[in-house]
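Trainee: From the sequence below, what's the structure:
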Amino acid sequence: MIRGVLLLLLLAFVAHCAFATTHFKEQFDSDWESRWVVSDWKKSDGTAGQWKLTAGDFYADAEKDKGLQTSEDARFYAASAAFTPFSNQGKDLIVQYQVRFPQKIDCGGGYIKLLPSSVDQKSFSGDSKYYIMFGPDICGTTKRTHVILTYQEKNHLIKKTVSCETDQLSHVYTLILHPDQTYEVRIDGEKKESGSLLEDWDFLPAKTIKDPSVSKPTDWVDAAQIDDPEDVKPSDWDDQPKQIPDSSAAKPEDWDDEADGEYEAPLIDNPAYKGEWKAKRIANPDYQGPWTHPEIPNPDYTEDDSIYAFPDIGAIGFELWQVKAGTIFDNILVTDDISEADALLDDFKASKDAEKEALDAIEKEKNAAAEAERTKAAEEAKKAAEAAEADEDDDDESDHDEL
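Mentor: I've put the predicted structure just below:
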């Protein structure tokens, strides 16, 4: 029995390995430029930024943590890598990558784009067609993870607001599209959002629409309450004015009737004033409830069970604007094998503590240097004050001698 179960598990594993495919994997090394094409976009006007390979100022491993970094402030960045085209029809599509904002980013994108094989890599730009745009975007109070999917030549942004990480450490972003038209967004392996493509995006028109041949009846009564017809305003209701002269006010002693006119006391609110009269409200005996417009099937609606699928995935790239540069990208994966994505995630988790320790050490050193500067400045200010006081004493003594 046990042997049979083990055999089934082995066969399942073999089947998985036979059909699972990793289409693209990039961990950036010194040969990265042989696989990536830096676009000419924005080069002519001098606003194209330079990419560089680096692990940054802090890292867990100087070689393994090297990634592609934006290096110039207030610049546009565009680079892409091509791979053998494929369709994710009938399979999971997993896009995963690692991003770090060591520069304490205040405005800039950190997202990645999945592209059709037809993309012109040398002209890749913000206008280039893409299938998926995924990842963090930060600018001012806007801090969100974009999930934009293309359907019928139109880009659709997820209706939910998905949070993102904004600290200086590395984080792994994972997007999974399933053939059952569901999705997951994970950050560092933790599910941040999930659901239905049909419910969380506006890909398709509504299944039903209001019947254009039907209108609300003109005699429909939808007022739940009415004025009580038996409630009559009292005859003396309006006898009291809204304001009256202030009886406590006295004519000023310097008031001149001839020059100032006849004195009139200032007006104050009348405590006996009852305000505007309104009849009591009672339940409307003719109330029919709210009218609901009947709906009919939408003739423009068509079922589509392949919204998740893209026919010609053939490249991946970054197309970004950054006010403050320094973002580092690494460990990019396009696959249908979740175990491959989890393996990269495990490597990341194993090194994240060391990366944080490296950052903490830098921050500690910066704080110590800043404290030393403050101490030095305070000492110099004290010496200057003492010197000024000594000069003043010398001047006083000189004046005394002259006397």
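
Trainee: Wasn't L204 part of a strand?
Mentor: No. Counting by DSSP: H, G, I helix; E, B strand; the rest coil, L204 is located in no strand; its state is coil.

Trainee: Can you check the pLDDT for L359?
Mentor: L359 is assigned 95 on the pLDDT scale.

Trainee: what's the closest non-adjacent residue to it?
Mentor: F58 (4.6 Å; CB to CB, 6 or more residues apart in numbering). Yep, even glycine has a C-beta here, placed from its N, CA and C like the rest.

Trainee: Just give me the neighbour total for the one you found.
Mentor: By other CB atoms under 10 Å, 20 other residues sit near F58.

Trainee: now swap in the one 3 residues further on and tell me
Mentor: Burial of D61 is recorded as 12 neighbouring residues (other CB under 10 Å).

Trainee: Can you classify it by secondary structure?
Mentor: Three-state call for D61 (three-state DSSP): coil.

Trainee: ok, for it, nearest residue in space, not its chain neighbours?
Mentor: In space, D61 is closest to S351, 6.6 Å off (CB to CB, 6+ apart).

Trainee: Contact partners for that neighbour?
Mentor: Neighbouring residues of S351 by CB atoms under 8 Å, 6 or more residues apart in numbering: A60, D61, K64, D65.

Trainee: confidence score at the second one?
Mentor: Reading off the confidence values, D61 has pLDDT 94.

Trainee: From here on, call the first residue 27.
Mentor: In the new count, where the first residue is 27, that last one comes out as D87.

Trainee: That one: what's it in contact with?
Mentor: The contact partners of D87, taken as CB under 8 Å, 6+ apart, are A81, S377, A380.

Trainee: Closest to A249 out of those residues?
Mentor: The closest of the contacts of D87 to A249 turns out to be S377 (CB to CB; 67.6 Å).

Trainee: Strands along the stretch 277-426 of the chain, start to end?
Mentor: Remark: strands assigned in the stretch 277-426 of the chain by DSSP state E, counting those that start in this stretch are 293-295, 307-309, 321-323, 339-348, 354-361.

Trainee: mind checking which of the ones you listed is nearest A414?
Mentor: Proximity to A414 (CB to CB) singles out strand 339-348 among the strands of the stretch 277-426 of the chain, at 48.0 Å.

Trainee: Tell me the helices and strands packed up against the closest one.
Mentor: Contacts defined by 3 or more CB pairs under 8 Å, 6 or more residues apart in numbering; DSSP states H and E place strand 339-348 against strand 93-96, strand 101-112, strand 133-135, strand 138-142, strand 354-361.

Trainee: buried residues in the third one?
Mentor: This means strand 133-135. By 16 or more other CB atoms under 10 Å, the buried positions in strand 133-135 come out as G134, G135.

Trainee: Point out where the stretch 327-429 of the chain drops to low pLDDT.
Mentor: Scanning the stretch 327-429 of the chain for pLDDT under 70 picks out the ranges 419-429.

Trainee: pLDDT of stretch 134-146, averaged?
Mentor: 97.

Trainee: Distance from that stretch to the middle of the chain?
Mentor: Put simply, stretch 134-146 sits 19 Å off its chain's centre (CA atoms, centre = their mean, to the nearest Å).
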